[in-house]
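In: Pasting the sequence and the predicted coordinates here, then a few questions.
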Amino acid sequence: MFPIEKAPNKTLSKIEEDLKKNDLGKARDRLHGLIATYPNELELRRKLGDIYYSLKYPSMAGRYWYLEQSKTPEMEHACIEFEKSMGNNPFQIVRALKFKGDKEIVKDLKFGGNFSPVHKKVTEKLLEEPDDSVFDKLLVVGCLTVLVGTILFAVLGMYSFVEWLM
């Protein structure tokens, strides 16, 4: 079993059963769900990285092993593959990691000296406070515009209908 504190034991045991049956796809899907629900449990990310590595997707494995403190040579290679797949761009790497957990966890991680120069920049970006992007603001304004327009057309339509009846 995993040494995971908060995740439900029932789901973890189902993942273990899936792994014993060699149903890696189902185990992968369950782990994705658990990671979304328990983002602070880095052990879940490590296990998902193991599954992706078994499925012969090293860059995806690197994505989930990226926050692992003590990396094996396979993990380091997979993380480098992941960085390459993201064009060594720290912004894209941070977005792809989709880490929604507590920033203190990343701050407390002590990475070994054998990580890439991009890794340090990514760690700094993970610790930054997210700022509202222009896209987010435009999305809100667009939704409000559609809502106001819908209400306006509904009111005008009702007015026109009442006028037509009279």
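Out: It's in.

In: Low-confidence regions, this protein specifically.
Out: 1-7, 110-116, 129-133 (pLDDT under 70).

In: Domain ranges for it, per the record?
Out: Structural domains assigned to the chain are 9-127, 131-166, following automatic domain parsing.

In: among those domains, which is the most enclosed?
Out: Greatest average neighbour count among the domains of the chain goes to domain 9-127 (a mean of 17), per mean count of other CB atoms under 10 Å. Placement of C-beta: from N, CA and C, glycine included.

In: So what does the residue nearest the centre of the chain look like in phi/psi?
Out: Geometric centre of the chain, nearest residue: Lys98, 2.4 Å, by CA atoms, centre = their mean. Here is the backbone geometry of Lys98 (degrees, to the nearest 10): phi 50, psi 40.

In: what does Lys71 give?
Out: Dihedral angles (degrees, to the nearest 10) for Lys71: phi -100, psi 140.

In: From Lys56, how far out is it?
Out: Lys71 is 19 Å from Lys56, where distance means CB to CB, to the nearest Å.

In: How about Trp65?
Out: 15 Å.

In: Much appreciated, bye for now.
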